[in-house]
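Colleague: Below are the sequence and a predicted model for it; my questions follow.
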Number of protein chains: 2
Amino acid sequence: MTIHKGIRTGGRSARVQQSVHAAVKKLLESHDRADVTVPMIAQSAGVTPSTIYRRWGDIATLLADVALERFEPDEHLPDTGGFRGDVLAYAELYLDEMSSDLGRSMLRDVVATDDNNCALRCAELITKRLVVLAERAVARGETPPSTAFLIDGIFAPMVYRILFSETAPDNAYIRTLVDRCLPAD
Amino acid sequence: MTIHKGIRTGGRSARVQQSVHAAVKKLLESHDRADVTVPMIAQSAGVTPSTIYRRWGDIATLLADVALERFEPDEHLPDTGGFRGDVLAYAELYLDEMSSDLGRSMLRDVVATDDNNCALRCAELITKRLVVLAERAVARGETPPSTAFLIDGIFAPMVYRILFSETAPDNAYIRTLVDRCLPAD
């Protein structure tokens, strides 16, 4: 099931999206996510369950959609004056976000849904920001490696350990990964 | 919810496990996983739903438990006569398993459950086999890098791309990752 962003028909559609997202966030404050159902969300949002099924397909996709929205890039990326420092600062920021309860839930919701679009949006959170850092580096006269190389070497291991380890990685671990990909001069 | 492997009390407990696992596998052949419920499994397995809840806690944990069982190491690991070749051969085998529909479902089920024990068992599928390859290498007089280094450099990026990309990685990509970690002589 794909979230049809393109076919939102303005006013009503945007209002439905807003009230359904708000209902999910509110319910998750007082309920375990496994206990939240589509009928509960529909009642709280003042829409019919079929409106939700038509738009999101299933609850996993809806939860992933809500979770992703919270992590859309909005803050300013750190500017340390050099690419290596910028990547390290962003990697620490990402770890901080994603090893929180909210971040881990987001990663899990995104992986759990059948909607591949959610996984791609999640991966884009990283690539978009790395592209900004790389453009900045090129403007400074640096020659940064590809974003794919940095994702393989830094962000994929971080996400893997957040999802599959007993304890989240720490900043020392992030620094080791950055050192491997971008050796300090 | 942790699966209490330790407290299985022999005969009846093993029979319950076996019939519940068999019921899940059978139901998944004819149903979408989102449509399979605990009462359906209980009926098919000839146990009460509360037996399932007591043992697995929730359906996500049960699905992950069943999925993991299919990937327990049993086959012989490839022996190419050198550590680099062995790791490459195993990485290709892992990609083949995990980029299949069954493998991707397993990774998703494991990530979706609250039971951290499932994620650890999933990560151990890799570490256990890498330890075997490393022991073999040491016996040959080689000095292999740590398994953590190989997981960061090869297996984490592979799992990340299986979970978050549009298309699964291919063997050329695996070879690039192996080359970075274990340069050919």
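Modeller: Nice, I can see it.
Colleague: wait, what's in contact with the closest residue in space to A:S44 that isn't next to it in sequence?
Modeller: Spatial nearest neighbour of A:S44, chain neighbours left out: A:A23 (3.9 Å); criterion: C-beta to C-beta, 6 or more residues apart in numbering or on different chains. (C-beta placed from N, C-alpha, C; glycine too.) Applying C-beta atoms under 8 Å, 6 or more residues apart in numbering or on different chains, we find A:A23 in contact with A:I41, A:S44, A:A45.
Colleague: measure A:A23 to chain B for me?
Modeller: 21 Å (C-beta to the nearest C-beta, to the nearest Å).
Colleague: For that residue, grab phi and psi.
Modeller: As for A:A23, its main-chain torsions (degrees, to the nearest 10) stand at phi -60, psi -40.
Colleague: same deal with A:V87?
Modeller: Dihedral angles (degrees, to the nearest 10) for A:V87: phi -60, psi -40.
Colleague: What about it, how many residues nearby?
Modeller: A:V87: 27 surrounding residues under other C-beta atoms under 10 Å in any protein chain shown.
Colleague: May I have the predicted confidence score for it?
Modeller: Looking at A:V87, its pLDDT stands at 96.
Colleague: ok, it touching A:L150?
Modeller: Yes. Between A:V87 and A:L150 there is a contact under C-beta atoms under 8 Å: 6.5 Å.
Colleague: Common neighbours of these two, please.
Modeller: Common contact partners of A:V87 and A:L150 (C-beta under 8 Å, 6+ apart): A:L130, A:C181, A:L182.
Colleague: Keep only those of those residues that are in helices.
Modeller: Among the shared contacts of A:V87 and A:L150, the residues falling in helices (DSSP state H) are A:L130, A:C181.
Colleague: Without its sequence neighbours, what residue ends up closest to the residue nearest the centre of chain A?
Modeller: For chain A, the residue sitting closest to the mean C-alpha position, by C-alpha atoms, centre = their mean, is A:C122 at 4.2 Å. Using C-beta to C-beta, 6+ apart and skipping the chain neighbours, the partner closest in space to A:C122 is A:V110 (4.5 Å).
Colleague: Mind jotting down where the helices sit in chain A?
Modeller: A:11-30, A:38-45, A:49-56, A:59-70, A:83-98, A:101-112, A:116-139, A:147-150, A:156-164, A:171-181.
Colleague: just the ones you listed: most buried one?
Modeller: Stretch with highest mean neighbour count among those: helix A:156-164 (a mean of 24; mean count of other C-beta atoms under 10 Å in any protein chain shown).
Colleague: Summarise which helices and strands that helix is packed against.
Modeller: Contacts defined by 3 or more C-beta pairs under 8 Å, 6 or more residues apart in numbering or on different chains; DSSP states H and E place helix A:156-164 against helix A:83-98, helix A:101-112, helix A:171-181, helix B:101-112, helix B:116-139, helix B:156-164.
Colleague: what's the closest of these to A:S19?
Modeller: helix A:101-112 (19.6 Å; C-beta to C-beta).
Colleague: tell me the mean pLDDT for the closest one?
Modeller: Throughout helix A:101-112, pLDDT has a mean value of 85.
Colleague: got a markdown table for the shared contacts of A:V87 and A:L150, with distance to A:S30 and pLDDT too?
Modeller: Formatted as a markdown table, the shared contacts of A:V87 and A:L150 follow (distance: C-beta to C-beta, whole Å; pLDDT from 0 to 100):
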| residue | distance to A:S30 | pLDDT |
| --- | --- | --- |
| A:L130 | 37 | 94 |
| A:C181 | 43 | 94 |
| A:L182 | 44 | 94 |
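Colleague: of the shared contacts of A:V87 and A:L150, list those near chain B.
Modeller: Contacts with chain B within the shared contacts of A:V87 and A:L150, counted by C-beta under 8 Å from any C-beta of the partner chain: none were found.
Colleague: Out of the shared contacts of A:V87 and A:L150, which comes closest to chain B?
Modeller: Among the shared contacts of A:V87 and A:L150, A:C181 lies closest to chain B (C-beta to the nearest C-beta), at 9.6 Å.
Colleague: Correct me if wrong: that closest one contacts A:L150.
Modeller: Yes. With contact defined as C-beta under 8 Å, A:C181 reaches A:L150; the gap is 5.9 Å.
Colleague: shared neighbours, the two?
Modeller: Joint contacts of A:C181 and A:L150 (C-beta under 8 Å, 6+ apart) are A:V87.
Colleague: Give me every residue in chain A lying close to chain B.
Modeller: A:34, A:58, A:60, A:107-108, A:110-112, A:114, A:116, A:119-120, A:122-123, A:151-153, A:155-157, A:159-161, A:163-166, A:177, A:180.
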